[in-house]
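> Can you look at this prediction? I've put the sequence above it.
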Amino acid sequence: MSTARTLPFWQPLTPFNAAHFSRAIPPGDADIVVVGAGIAGLTTALCCAQEGRRVWVIDRQGAGEGETLRTTAHLASAIDDRFKKLAQWHGKDGARAAVESHAEAIDWIEDICASTPDRCGFRRVPAYLFSYDGKLDRLKDELEAAAEAGLDVSWQQEGIPGLPHLGPALRYEHQARVDMGRYLRTLAEACRANGVRFVLGEVTAVKGGERPELTVDGNTLHANAVVLATNVPFHERVAVHTKQAPYRTYVVAGPVDDGTLPDALIWDDGDPYHYVRLAEGEDGGRVAIVGGEDHKTGQDHDPRAYVRLQDWAREKLPGTSTFTYDWSGQILEPADGLAFIGADPGDEKNVYVVTGDSGNGITHGTLGGLIITDLIVGRPNRWAALYDPQRKQLRSPGGWLHENANVALQYRDWLSGGDVKDADLLAPGEGAVVRHGIHRVAVYRSAEGELHAHSARCPHLGCSVRWSPQEKSWDCPCHGSRFEAVTGRVLNGPASEPLAPWPRPASRDA
Ligand code: FES
């Protein structure tokens, strides 16, 4: 899988990608070029193609090779920032609109699923929120705020069915789950049936204008509109990156006996929080998917997330003992809880972005497709103002300032020594930053014992990258760019260029 070494539970789209993604640029011109073939990109492509537009989707590796299949695919209008906060940030009408728009996204997904015999594993389920520390005041506050936002929510004094030891909980109706691999494949096939063309290529630059320009593998393309659906935009350096923060999130999954856990979405209200849902395994049995242990990308101070997650699951969820999958993903936490969807905040004309998906990537990505299609075809969209990337109403200055101060602090790495004195100290499979005079060098020793060295300077805005032992990647603690250990190539933006190779020996023997 392209952005990390771990493999998620969902089936990848390898056969689709091999059959339908081509390095050849299709003949003629596209009306719309969508960059990124995940949930937001494919939804946008399908909606625009259904409007009669000629659409190309460009991805460097194929559909589902970014963050989409790293989701746990909770489909929730009870979105994961508390409604008490959302009402403060966006007003009561804004909180209500957030619920309605996410509910509309779930309905849209359900309609697509209805076209397949197995409904892509889509199922309506309830959701439960419980207190991580037994304190119920927060839940009571949230009950009131969620009901005011229009959710069908109730107090469950007896707790979650089958899990009464977790204490009283809030129950939300009309939520859903889906098999993300099957759903994305259905979406990709629907795109193809509507004439969408798929191109394998690396887009390194985008410039807005009457006919925006893209650089793809060194070639120049033009279209009437460009949509950047790449999890995080890479074409501008600052505008959106001060309004959102990158986090790694972790997931483990394993078989459970039928009836052990309720078929529901379950969260606690800790920070970071834990979440649970059921899925169907290939053998028809039940699989528990458990996530959490989030931390800012590149700022993992205790790299044992999977162990902690498994321990948490075994303690809280009877019947979970064996875990056959573990994987991580990248999410962008917006400063005010809602994604940034719409016209480019850097004023690049006819360029659109979808980012800041928070923990609701599948519904935010779907909304991205619905809203941007309306903007492109010139149709009013009642959610567009709420998600506008240029919105000025950010009423969460505390969180926003804190995140930006945190970014500024990361530059201190340039004043400190390396992680190890000498690359000779690295065992196979380990990476570390080594100081060479004024330079910092990111050195990785492969399983075969070979040393690979790159400048530790992140090509985005110059922070020093850090080693991730979880994914064996170089992660930037400032805006979340990630790089592959051997080649230095970009795994996650906003960087659009790889780490520079380090020309001098990184150790006495290198
Ligand atoms: Fe911005 Fe690295 S991602 S400096």
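That came through, no problem.

> hey, let's count contacts and neighbours off CA atoms from now on
Fine.

> now stretch 209-228, how far from the chain's geometric center?
For stretch 209-228, the separation from the chain centroid amounts to 24 Å (computed by C-alpha atoms, centre = their mean, to the nearest Å).

> Report the buried residues of it.
Neighbour counts over stretch 209-228 (16 or more other C-alpha atoms under 10 Å) mark 209, 211-216, 221-228 as buried.

> Spell out which parts of the chain neighbour the ligand.
458, 460-463, 476, 478-481, 494-495 (C-alpha under 6 Å from any ligand atom).

> Now the buried members of the residues you listed.
Buried subset of the residues of the chain next to the ligand (neighbour count, 16+ other C-alpha under 10 Å): 458, 460, 463, 476, 478-481, 494-495.

> low-confidence ranges in the chain?
1, 237-238, 393-404, 415, 504-510 (pLDDT under 70).

> What is the nearest of the buried residues of stretch 209-228 to the ligand?
For these, the minimum distance to the ligand (C-alpha to the nearest ligand atom) is 17.1 Å, reached by residue 228.

> and residue 489, how many neighbours?
By other C-alpha atoms under 10 Å, 17 other residues sit near residue 489.

> Residue 462 in helix, strand or coil?
Taken by DSSP: H, G, I helix; E, B strand; the rest coil, the conformation at residue 462 corresponds to coil.

> what separates it from residue 500, distance-wise?
12 Å (C-alpha to C-alpha, to the nearest Å).

> helix or strand for the residue nearest in space to the middle of the chain, which one?
Nearest to the mean C-alpha position of the chain, by C-alpha atoms, centre = their mean, lies residue 331 at 3.7 Å. With elements taken from DSSP states H and E, the one containing residue 331 is strand 325-334.

> other SSEs contacting that strand?
Strand 325-334 sits against strand 244-256, with contacts defined as 3 or more C-alpha pairs under 8 Å, 6 or more residues apart in numbering; DSSP states H and E.

> Report the contact partners of residue 250.
291-294, 305-306, 309, 326-329 (C-alpha atoms under 8 Å, 6 or more residues apart in numbering).

> Now for the buried residues of stretch 209-228: which two are most distant?
Largest separation among these by C-alpha to C-alpha: 209 and 216, giving 17.1 Å.

> which of the contacts of residue 250 tops the neighbour count?
Neighbour counts for these, by other C-alpha under 10 Å, peak at residue 291, which reaches 28 neighbours.

> partner residues bridging the closest residue to that one other than its chain neighbours?
Distances taken as C-alpha to C-alpha, 6 or more residues apart in numbering put residue 251 closest to residue 291, at 4.2 Å, once the chain neighbours are dropped. Beta-bridge pairing for residue 251 (DSSP bridges): residue 291, residue 327.

> In terms of secondary structure, what does the lengthiest helix in the chain contact?
Taking DSSP state H as the criterion, the chain has its longest helix at helix 83-113. Judged by 3+ C-alpha pairs under 8 Å, 6+ apart, helix 83-113 is in contact with helix 137-148, helix 180-193, helix 361-377, helix 384-387.

> which ones are touching the closest residue to the ligand within the stretch 1-150 of the chain?
Using C-alpha to the nearest ligand atom, residue 3 is the residue of the stretch 1-150 of the chain that sits closest to the ligand, at 14.9 Å. By C-alpha under 8 Å, 6+ apart, the contact list for residue 3 reads 65-67, 491-492.

> Can you list phi and psi of the closest residue to residue 236 other than its chain neighbours for me?
The shortest distance from residue 236 to any non-neighbouring residue, by C-alpha to C-alpha, 6+ apart, is to residue 346 (7.1 Å). Phi and psi for residue 346, reported as degrees, to the nearest 10, are phi -90, psi 10.

> From the ligand, how far off is residue 346?
Distance of residue 346 to the ligand, given as C-alpha to the nearest ligand atom, to the nearest Å: 16 Å.

> pretty sure that residue contacts residue 234?
No - in this structure, residue 346 is not within contact of residue 234 by C-alpha atoms under 8 Å, at 11.7 Å.

> Show me which of those two is the more surrounded one.
Set residue 346 next to residue 234 and count neighbours by other C-alpha under 10 Å: residue 234 wins out with 22 against 16.

> The closest residue to that one other than its chain neighbours: which element?
Using C-alpha to C-alpha, 6+ apart and skipping residues adjacent in sequence, the residue nearest residue 234 is residue 494, 4.3 Å away. Per DSSP H and E: residue 494 is located in neither a helix nor a strand.

> those strands in the stretch 401-510 of the chain, which residues are they?
With DSSP state E, counting those that start in this stretch, the ranges of strands along the stretch 401-510 of the chain come out as 431-436, 439-445, 451-455, 466-468, 473-475, 482-484, 490-492.

> Could I get the helices and strands packed on helix 83-113 in JSON lines, plus columns for distance to residue 427?
Shown next, in JSON lines, are the helices and strands packed on helix 83-113 (distance: least, C-alpha to C-alpha, whole Å):
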{"stretch": "helix 137-148", "distance to residue 427": "47"}
{"stretch": "helix 180-193", "distance to residue 427": "36"}
{"stretch": "helix 361-377", "distance to residue 427": "37"}
{"stretch": "helix 384-387", "distance to residue 427": "47"}
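
> which of these is buried the deepest?
With neighbours defined as mean count of other C-alpha atoms under 10 Å, the helices and strands packed on helix 83-113 peak in mean count at helix 361-377, which reaches a mean of 24.

> And the contacts of that one?
39-45, 47-48, 68, 71, 73-76, 101-102, 105-106, 109, 225, 331, 339, 341-342, 352, 354, 357, 380-381, 383-384.

> Could you check the angle that helix makes with helix 83-113?
Relative orientation of helix 361-377 and helix 83-113, computed by axes from the mean of the first three to the mean of the last three C-alpha atoms, to 10 degrees: 80 degrees.

> related to what we said a few turns ago, of the residues of the chain next to the ligand, closest to residue 165?
Nearest to residue 165 out of the residues of the chain next to the ligand is residue 480 (C-alpha to C-alpha; 37.4 Å).
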